[in-house]
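Asks: Starting from these lines, generate the structure:
(one chain, ligands or ions: 1)
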Amino acid sequence: DFSNRQNRFLSLTDVSSQYLQMIEGKTKQDPYYPTYHVAPHHGLLNDPNGLSFFNGKHHIFYQWFPLGPVHGLKHWYHVSTEDFIHFEDHGIALYPDCEFDSHGCFSGAAFAEGGMLHLFYTGNHVTEEGIPNPSQVYASMDKHLNITKGRPIAHAPAPGFTHNFRDPVVFKRENIYYMLVGGENKDGEGALALYQGESMQQLSFQGKVTTDLPDAGYMWECPNYFEQDGRGVFIFSPQGELETDKYNFNNVFSVAYVLSDPLDVRKLHYEGKQYIELDKGFDFYAPQTYEDERGRRILIGWLGNSKSDYPTDENMWAHMLTIPRQVTLQRNRLVQQPLEELKKLRLGAETLEQEHNLSSRAFELELSVDPDFTLTFSNRKGESVTFSSNGEEYCLDRSDMTHTFAETYGTKRYALRKYKENHRIRLFMDSSSLEIFCDYGETVFTSRIFIEDLEYLKSDGASGTLYNLGSIT
Ligand code: FRU
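Replies: Numbering: from 1, shown residues only. Next up, the predicted model:
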């Protein structure tokens, strides 16, 4: 019973193997469980962590609470892949087994160098008096995937920050390592702290990074920073109120990005002036990016959101990661495209009919859409999800699903259409997730959808191909 908070801090050793088998059984027989997305064997997955290309493989870690569909004691779980089709399962990478991470190994990042993968994460420790004391912890992984947990490199929130202080990310410039940590400053504003040093294990606090951004919530989670084409790209997951309108920031928590001149580490200044919502769907949070050996910048996010119960909770699991996406800068925007490797999941092509019977719930659509179009995914009872456009805007409507949830935040999401003329969009459906790439990747909707026995796709103003997709293994 996880409504009892105490139970959220139970550890794997407190439960029987029968219990774990039971919840894994429930999870795997859930028809909403995905086939080509990374998802937990049971329990709750949230943020992707430590995304990296290391020793010939893509490494993906994620936040995991094994015992149930709640935010409990977090571990880092680890999988790797060469091609995003075949995955190796490495099990738990980081256990919350030290005093400094007694209440969870929280999110963080990786940095590959010198034949090692260097890991940085937040040790969530709450004192006996109930006072949270987060620290930023170093760990390392060698080529045989042996992980050695190091020690905290920053023992407490930086001066000027509250205990909402976490999710380190590290980069290097001219032999100096920099670590950014997201947080809340003493005035209750989202803020970023900068550390630097000549050794990754010895970084010292430089100060708070100033920006020209308008207020964005009270706490910045999961900062991610990279440079491309001479620009500094900053992605973050702000908590708290953001300015919203019909088209922007309607989720309980959203993800924003900023394009600007690169971060000035000497002046501790990043001059970004405006932030833009990264994804227009209902369920997208805490993405990270990394560069692979081919120089591609790859983004993976959490295909979920906090603060809502999800229909799969009753089967003891929650959430999955998004498909991997390549991100580029185009037309002064961050553009996302499904990673090319995913084409290898295609099993066969069907020409889309106006009333199409779906033979699988794992498929991709590559469609050319008119200014006005409607796509309706439904079952025999007429329960449905609709994605449409009237030429000016897109609308994703999930008000009529079998299982609605998070209605407090609305059941429709809108985005202004950037390319009003006929153009090609791509949609990925996987049992209970839908990722839609429109406007050549400039407008993306990432969402969970829950239609029992999904069977039909009805379309109007759209033509193209449906590919059933195989599973990742
Ligand atoms: C974001 C987040 C992070 C934190 C982690 C804990 O979803 O709250 O800030 O490190 O999840 O699981």
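Asks: Please, which helix or strand holds the residue of the stretch 201-350 of the chain found nearest the ligand?
Replies: As assessed by C-beta to the nearest ligand atom, the ligand sits closest to residue 221 within the stretch 201-350 of the chain, at 3.6 Å. Bear in mind the C-beta positions are built from the backbone N, C-alpha and C, glycine included. Remark: residue 221 resides in strand 219-228, with elements defined by DSSP states H and E.
Asks: Then residue 157?
Replies: Going by DSSP H and E, residue 157 is not part of any helix or strand.
Asks: From residue 443, how far off is the closest residue to it other than its chain neighbours?
Replies: Closest residue to residue 157 apart from its sequence neighbours, by C-beta to C-beta, 6 or more residues apart in numbering: residue 165 at 3.9 Å. According to C-beta to C-beta, to the nearest Å, residue 165 and residue 443 sit 33 Å apart.
Asks: Residue 38 now?
Replies: 24 Å.
Asks: Give me the pLDDT value at the nearest residue to residue 277 once chain neighbours are set aside.
Replies: Spatial nearest neighbour of residue 277, chain neighbours left out: residue 248 (5.2 Å); criterion: C-beta to C-beta, 6+ apart. The model reports residue 248 with a pLDDT of 97.
Asks: ok, residue 281 - contacts?
Replies: With contact taken as C-beta atoms under 8 Å, 6 or more residues apart in numbering, residue 281 is in contact with 396, 413, 434-436, 444-447.
Asks: right, and the pair among the residues you listed with maximum separation?
Replies: The two members of these with the most space between them (C-beta to C-beta) are 413 and 435, at 13.1 Å.
Asks: Which positions in the chain make contact with the ligand?
Replies: Neighbours of the ligand within the chain, by C-beta under 6 Å from any ligand atom: 46-47, 63, 74, 106-107, 122, 166-167, 221-222, 285-286.
Asks: Report how many residues lie close to residue 134.
Replies: Residues lying near residue 134 (other C-beta atoms under 10 Å) number 28.
Asks: Okay, strands next: where are they in the stretch 101-250 of the chain?
Replies: Secondary structure of the stretch 101-250 of the chain by DSSP state E, counting those that start in this stretch: the strands cover 105-113, 116-123, 135-141, 147-154, 161-173, 176-185, 190-199, 202-208, 210-211, 219-228, 231-239.
Asks: picking up where we left off before, buried ones in the strand holding residue 221, by neighbour count?
Replies: By 16 or more other C-beta atoms under 10 Å, the buried positions in strand 219-228 come out as 219-226, 228.
Asks: Please convert these to JSON lines, extending it with pLDDT.
Replies: Listed next are those as JSON lines, based on pLDDT from 0 to 100:
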{"residue": "219", "pLDDT": "97"}
{"residue": "220", "pLDDT": "98"}
{"residue": "221", "pLDDT": "98"}
{"residue": "222", "pLDDT": "98"}
{"residue": "223", "pLDDT": "98"}
{"residue": "224", "pLDDT": "98"}
{"residue": "225", "pLDDT": "98"}
{"residue": "226", "pLDDT": "97"}
{"residue": "228", "pLDDT": "95"}
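Asks: that older thread, mind giving me the PyMOL select for the residues of the chain next to the ligand, buried ones only?
Replies: Listed next is the PyMOL selection for buried residues among the residues of the chain next to the ligand, using 16+ other C-beta under 10 Å:
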select buried, resi 46+47+63+74+106+107+122+166+167+221+222+285+286
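Asks: Is residue 132 in contact with residue 126, as I believe?
Replies: Yes. Taking C-beta atoms under 8 Å as the definition, residue 132 is a contact partner of residue 126 at 5.1 Å.
Asks: Quickly list what's touching both of the two.
Replies: Both residue 132 and residue 126 are in contact with residue 103, where contact means C-beta under 8 Å, 6+ apart.
Asks: Could you report the distance from the spatially closest residue to residue 102 that is not a sequence neighbour to residue 39?
Replies: Nearest residue to residue 102, sequence neighbours excluded (C-beta to C-beta, 6+ apart): residue 125, at 5.2 Å. According to C-beta to C-beta, residue 125 stands 29 Å off from residue 39.
Asks: now residue 135
Replies: Look at residue 135 and residue 39: by C-beta to C-beta, they are 30 Å apart.
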